[in-house]
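J.: how would this look folded up:
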Amino acid sequence: MTRATSSAPSQRMLRVGEQVRAAITQVLQRGEVRDPLLEKTVISISEVRMSPDLKHATAYVTPLGVKDHEAVIDALNRNSKFIRGRLGPQLRQMKYMPDVRFRDDTSFDNYKKIDDLLRSPEVARDLSAEDGDEQ
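T.: The predicted model follows:
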C-alpha cells in the first residue's frame with residue numbers, strides 16, 4: 001500500500017472532521033455541558049481537523065460576543081472528555097472515538113487584516129494608478 005506524499009488532508013479526514021464538527025455542535029446546542037460559562041456563550045465551530053489516524057480531533061472555535069476567548073477555550077478543554085462521551089451515539093460508525101481538543105479560531109482576524117489592507121489608502125492609490133495606465 002502506498003502512502004500519500006502530500007500533507008493535505010485526505011477525503012476521509014475531511015469527511016470525518018465534518019461529522020465530528022456537526023456532532024460537537026449538536027452537543028453544545030442542546031446544552032448538555034453543565035458549565036456556567038459555556039451555557040451562556042454562543043460558540044461557532046468553524047472547522048474540525050482530524051489526525052491521519054482519526055484518533056485526535058482539533059476543533060477551531062469562535063466564542064461570539066465574548067472578549068475573553070481563552071476562558072471559553074479553557075472551559076471547553078476542561079469538558080472535552082464529557083463532550084467526547086456525548087459524541088458516541090452520533091459517531092457510532094467510528095472504530096475509535098477521537099480525543100477532542102479545542103483551539104481559538106483566528107482565521108476571522110486574518111480575514112479582517114487582509115480586508116483592512118485592501119481598503120487602505122496606499123492600496124487604493126496603487127489600484128487607481130494601474131487603472132490610469134491601462135487607458
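J.: so which residue is dead centre in this structure?
T.: By CA atoms, centre = their mean, the chain has its centre lying nearest to Tyr60, at 2.4 Å.
J.: give the contact list for Asp35.
T.: Neighbouring residues of Asp35 by CB atoms under 8 Å, 6 or more residues apart in numbering: 75, 78-79. Quick note: C-beta positions are derived from backbone N, CA and C, even for glycine.
J.: scratch that, Leu87 is what I was asking about
T.: With contact taken as CB under 8 Å, 6+ apart, Leu87 is in contact with 20, 23-24, 27, 97, 100.
J.: toward the C-terminus, what is the element adjacent to the longest helix along the chain?
T.: With secondary structure taken from DSSP state H, the chain has its longest helix at helix 11-29. Moving toward the C-terminus from helix 11-29, the first helix or strand encountered (DSSP states H and E) is helix 36-39.
J.: tell me the buried residues in that following helix?
T.: Taking 16 or more other CB atoms under 10 Å as the neighbour-count basis, helix 36-39 is seen to contain the buried residues 37-38.
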